[in-house]
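Novice: based on what follows, work out the 3D shape:
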Amino acid sequence: MKLKLYGAMLSPFVRKVRVMLALKKIDYDIDVQVSPLSVPEGYEKIHPLKKIPALVIDDADREIALADSSAIAGFLDKLQPSLSFYPSDPIDYGQALWLEEYGDTFIAQNCTFGVFGNVFFSWARGETYDAEKIKMAFKHMEEVITYIESILGDRDWLVGDRMTIADIGVMTHFFNVEHAGYRLTEADSPTLYGLKKRIEEHADIAPILAEERIVIQKLKFESPDLTALRH
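Specialist: Model (predicted):
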């Protein structure tokens, strides 16, 4: 079976899939030329909504394209079930799915796109980011931190006693807002900061984030100092 992933490295949804692939030690090819700013002609045959990521699966006798990071992550977990990132306990499973969805929707729309999308895409277009939208996004970040803190408590992981899709699906967005200039500190939230550190320092995940930083350097994108907008 051959796998080919389509999507820009700096996408939180592409990162979620790449983390799953890395943790499960699954080989794949990647086409990083597909981005929200550059969708090649014919891409709708792979992803009808022209979004990222998409995964093309070539299984000798058939070829199929999967769209949406959650669908791809679920497929990968079934493909390599020996190390599952979806809890077996029904309640934990439901909670993990919800937190992944919370990341994909509320955090993505209000925080990732509000901060990273605003700053990075404005820079790419040669425009100035919208400071008022950044301020609103920071308020949403405070909501997210409060909510996730209430679930995490004094545990290391959001669901159960090890990393799950919940941790991956939520924290992938924090790396995007960090790329754009929002630095989650221990003072903001000791528990959430600890969760972020456990994920970013994981032996299989750290190289992915290092690759992203190289991409940012090559683009010559410098994140602005957004500190004044956080208050």
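Novice: now the strands for the protein?
Specialist: 2-6, 29-31, 54-58, 63-67 (DSSP state E).
Novice: what residues sit buried inside the lowest-mean-pLDDT helix or strand in the chain?
Specialist: Here the helix or strand of the chain ranked lowest by mean pLDDT, DSSP states H and E is helix 118-124, holding a mean of 93. Buried residues in helix 118-124, counted by 16 or more other Cβ atoms under 10 Å: N118, V119, F120, W123. Bear in mind the C-beta positions are built from the backbone N, C-alpha and C, glycine included.
Novice: most widely separated two among those?
Specialist: Within the buried residues of helix 118-124, two members stand farthest from each other by Cβ to Cβ: N118 and W123, at 9.6 Å.
Novice: list residues touching both of the two?
Specialist: Y129 (Cβ atoms under 8 Å, 6 or more residues apart in numbering).
Novice: quick check: mean pLDDT across stretch 59-67?
Specialist: When pLDDT is averaged over stretch 59-67, the result is 92.
Novice: stretch 81-100 now?
Specialist: The model assigns stretch 81-100 a mean pLDDT of 97.
Novice: can you list contacts of it?
Specialist: The contact list for stretch 81-100 (Cβ under 8 Å, 6+ apart) reads 20, 23-24, 70, 73-74, 77, 151, 158-160, 163-166, 168-170.
Novice: quick check on the residues you listed: which are buried?
Specialist: Among these, the ones that count as buried by 16+ other Cβ under 10 Å are 20, 23-24, 70, 73-74, 77, 151, 158-160, 163-166, 168-170.
Novice: show me which residues of stretch 202-213 are buried.
Specialist: H202, I205, I208, L209, E212.
Novice: quick one: it to chain centroid distance?
Specialist: 13 Å (Cα atoms, centre = their mean, to the nearest Å).
Novice: same question for stretch 61-81.
Specialist: On the basis of Cα atoms, centre = their mean, stretch 61-81 sits 17 Å off its chain's mean C-alpha point.
Novice: how about it: buried residues?
Specialist: L66, A67, D68, S69, S70, I72, A73, G74, F75, L76, D77.
Novice: pipe these into CSV and attach distance to K133 per row.
Specialist: Compiled in CSV, the buried residues of stretch 61-81 are given as follows (distance: Cβ to Cβ, whole Å):
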residue, distance to K133
L66, 32
A67, 28
D68, 26
S69, 24
S70, 26
I72, 30
A73, 29
G74, 33
F75, 35
L76, 34
D77, 35
